[in-house]
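Undergrad: Sequence isn't available, so here's the structure alone:
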Ligand SMILES: NC(=O)c1ccc[n+]([C@@H]2O[C@H](COP(=O)([O-])OP(=O)(O)OC[C@H]3O[C@@H](n4cnc5c(N)ncnc54)[C@H](O)[C@@H]3O)[C@@H](O)[C@H]2O)c1
Ligand SMILES: [Zn+2]
Ligand SMILES: [Zn+2]
């Protein structure tokens, strides 16, 4: 089959490799109809999250069930499904609490309570390095989907792939960032990052009753999309001091909720890069710091942007003095997905208005390139193995 194989940082190519096979009774083999590239994939491509062996990338995918293991009770050949990006068993201590990214069974080699990047990690993700379980991903013609009684969800034929694919990751991720903030209604929510995840958080903020939604980014074309798709107020952090502007917009107090939808690969100055090299840090926490400064006293900061190493000078003093509430992490997609499918089916939200490029899987190298370099006004790319 054809698949997008990661070889080393900067090197991803469409290649022919062996088809996946059923390895456990609860596996299905999925014929992928659509798959997307995520900002999280860039962390691997850019070498911030290490991977030595060749691996098929991709954790956002949907398709048609091609083959089922003997223990699969919920799916049949021919079913059309979306697949949550965390690989999780569905019955361990954490899965039972709706914490699928912390599954105790899906990542046996690296699992542990410490929460380190190199060992003692949480559960597994599709196509996301040996540290996250070593599973091949879905940027391919076929993919093996473990725990198929718990992860995949059937999708109505009334919805196109484009309308439903973002239920696998970015809509539940944006939703998590807002759900964690426990809005009561009327709050001002400032979302840092207007990439695919930030754009989905903007949609979730309106759906959950925000009174005002402010988008912060450094690229005008992404802010323009935030405004046209989601009717939010916008701030370009390269043109103005975003923290000052947010305070001015909120009577000097700051936003009730700030969301970090950027993570470790925020833009960096030369000095940031030198400091990170000296301290063995990967990337920067500048956006997290900005969220902590831009939120009001007693407010909430939620963090779905990814961070992978410890950072010194973390502003614990500000968090304490302002009495902040904070929540971080991978999105527990399995917890939210049924509710979110219902919201998409009802027409209360449209997800595909952030899509800018649909390309054949064979053009994966080019697709990663424009997404990473933010060229050709790229926001979100769907790859089609059948195109
Ligand atoms: N927690 C989860 O479960 C989960 C799931 C999906 C993605 N993510 C993470 O979410 C983050 C965003 O993903 P994405 O697909 O939207 O990526 P992306 O790279 O397309 O978007 C990031 C956006 O941040 C903007 N940005 C960079 N520096 C900035 C700054 N200083 N201030 C404001 N904006 C800035 C960029 O211009 C870009 O638009 C990534 O870290 C990704 O790994 C997490
Ligand atoms: Zn993702
Ligand atoms: Zn589990």
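TA: Arrived safely. Remember, it's a predicted structure, so these values are computed and weren't measured experimentally. Numbers count the residues shown, from 1 in each chain. Ligands and ions are numbered 1, 2, ... in the order given.

Undergrad: ok, which residues in the stretch 251-387 of the chain are in contact with ligand 1?
TA: Where proximity means C-beta under 6 Å from any ligand atom, the interface of the stretch 251-387 of the chain facing ligand 1 comprises 261-263, 266-267, 286-287, 304-306, 330-331. Just so you know, the C-beta spots here come from the backbone N, C-alpha and C atoms, and that holds for glycine as well.

Undergrad: 5 Å - rerun?
TA: Taking C-beta under 5 Å from any ligand atom as the test, the list of the stretch 251-387 of the chain residues beside ligand 1 reads 262-263, 266-267, 304-306, 330-331.

Undergrad: what about the nearest residue to residue 70 once chain neighbours are set aside, how many neighbours?
TA: Using C-beta to C-beta, 6 or more residues apart in numbering and skipping the chain neighbours, the partner closest in space to residue 70 is residue 25 (4.8 Å). Residue 25 is surrounded by 12 other residues when neighbours are defined as other C-beta atoms under 10 Å.

Undergrad: residue contacts, residue 25?
TA: Residues counted as contacts of residue 25 (C-beta atoms under 8 Å, 6 or more residues apart in numbering) are 69-72.

Undergrad: what's the farthest-apart pair in the residues you listed?
TA: 70 and 72 (7.4 Å; C-beta to C-beta).

Undergrad: Have a look at those two and say which one is more surrounded.
TA: Between residue 70 and residue 72, counted using other C-beta under 10 Å, residue 72 has the larger neighbour count: 22 against 10.

Undergrad: pLDDT wise, what is the more buried one at?
TA: On the pLDDT scale, residue 72 is placed at 98.

Undergrad: from the residues of the stretch 251-387 of the chain next to ligand 1, which single one is nearest ligand 1?
TA: The shortest gap between ligand 1 and any of these belongs to residue 263, at 2.7 Å (C-beta to the nearest ligand atom).

Undergrad: does the closest residue to that closest one other than its chain neighbours count as helix, strand or coil?
TA: Of all residues beyond its chain neighbours, the one nearest residue 263 is residue 305 (2.7 Å), with distances taken as C-beta to C-beta, 6+ apart. Going by DSSP: H, G, I helix; E, B strand; the rest coil, the secondary structure assigned to residue 305 is coil.

Undergrad: dump the residue contacts of residue 305.
TA: The neighbours of residue 305, taking C-beta under 8 Å, 6+ apart as the test, are 192-193, 197, 260-264, 266, 287-288.

Undergrad: do the same with residue 135
TA: For residue 135, the contacting residues are 87, 124-128, 144, 146, taking C-beta under 8 Å, 6+ apart as the criterion.

Undergrad: Looking at those, which are in strands?
TA: Under the assignment DSSP state E, the contacts of residue 135 contribute 87, 124-125, 144 to strands.

Undergrad: Could you report the neighbour count for the residue in the stretch 101-250 of the chain positioned nearest to ligand 2?
TA: Distances between the stretch 101-250 of the chain and ligand 2 by C-beta to the ion are smallest at residue 169, namely 4.0 Å. Residue 169 has 29 neighbours, counted by other C-beta under 10 Å.

Undergrad: I figured it hits residue 333, correct?
TA: Yes: with the criterion set as C-beta atoms under 8 Å, residue 169 and residue 333 qualify as a contacting pair; they are 6.8 Å apart.

Undergrad: Show me the protein divided up by domain.
TA: With automatic domain parsing serving as the domain definition, the record reports that the chain contains domains spanning 2-169+331-384, 170-328.

Undergrad: Tell me which helix or strand the residue nearest to residue 336 when sequence neighbours are not counted sits in.
TA: If the residues on either side of it in the chain are set aside, residue 336 comes closest to residue 172, at 4.8 Å by C-beta to C-beta, 6+ apart. In the assignment (DSSP states H and E), residue 172 maps to helix 170-179.

Undergrad: Now the element after that helix, going C-ward?
TA: Elements were assigned by DSSP H and E; along the chain past helix 170-179, the next helix or strand is strand 188-192.

Undergrad: Tell me the confidence at residue 57?
TA: Note for residue 57: predicted pLDDT of 98.

Undergrad: so what does the lengthiest helix in the chain touch, helix or strand wise?
TA: Within the chain, and with DSSP state H defining each element, the longest helix by residue count is helix 333-346. For helix 333-346, the helices and strands in contact under the criterion 3 or more C-beta pairs under 8 Å, 6 or more residues apart in numbering; DSSP states H and E are strand 153-154, helix 161-164, helix 170-179.

Undergrad: so what's residue 274 scoring on pLDDT?
TA: 88.

Undergrad: Please renumber the chain so that the first residue is 547 from this point on.
TA: New numbering, starting at 547: the last item is residue 820.

Undergrad: ok, and for the helix or strand that contains it, which residues are buried?
TA: Element membership for residue 820, per DSSP H and E: helix 816-824. Buried residues in helix 816-824, counted by 16 or more other C-beta atoms under 10 Å: 818, 821-822.

Undergrad: Tell me the one of the residues you listed nearest ligand 2?
TA: The shortest approach to ligand 2 among the buried residues of helix 816-824 belongs to residue 822, at 23.3 Å (C-beta to the ion).

Undergrad: Identify the residues contacting residue 895.
TA: With contact set as C-beta under 8 Å, 6+ apart, residue 895 has these partners: 717, 749, 753, 889.

Undergrad: Just among the residues you listed, which is most surrounded?
TA: Across the contacts of residue 895, neighbour numbers were computed from other C-beta under 10 Å; residue 717 holds the maximum, 30 neighbours.

Undergrad: In contact with the nearest residue to that one once chain neighbours are set aside: list those residues for me.
TA: The shortest distance from residue 717 to any non-neighbouring residue, by C-beta to C-beta, 6+ apart, is to residue 746 (4.9 Å). Contacts of residue 746 were listed using C-beta under 8 Å, 6+ apart, and they are 712, 716-717, 719-721, 897, 900.
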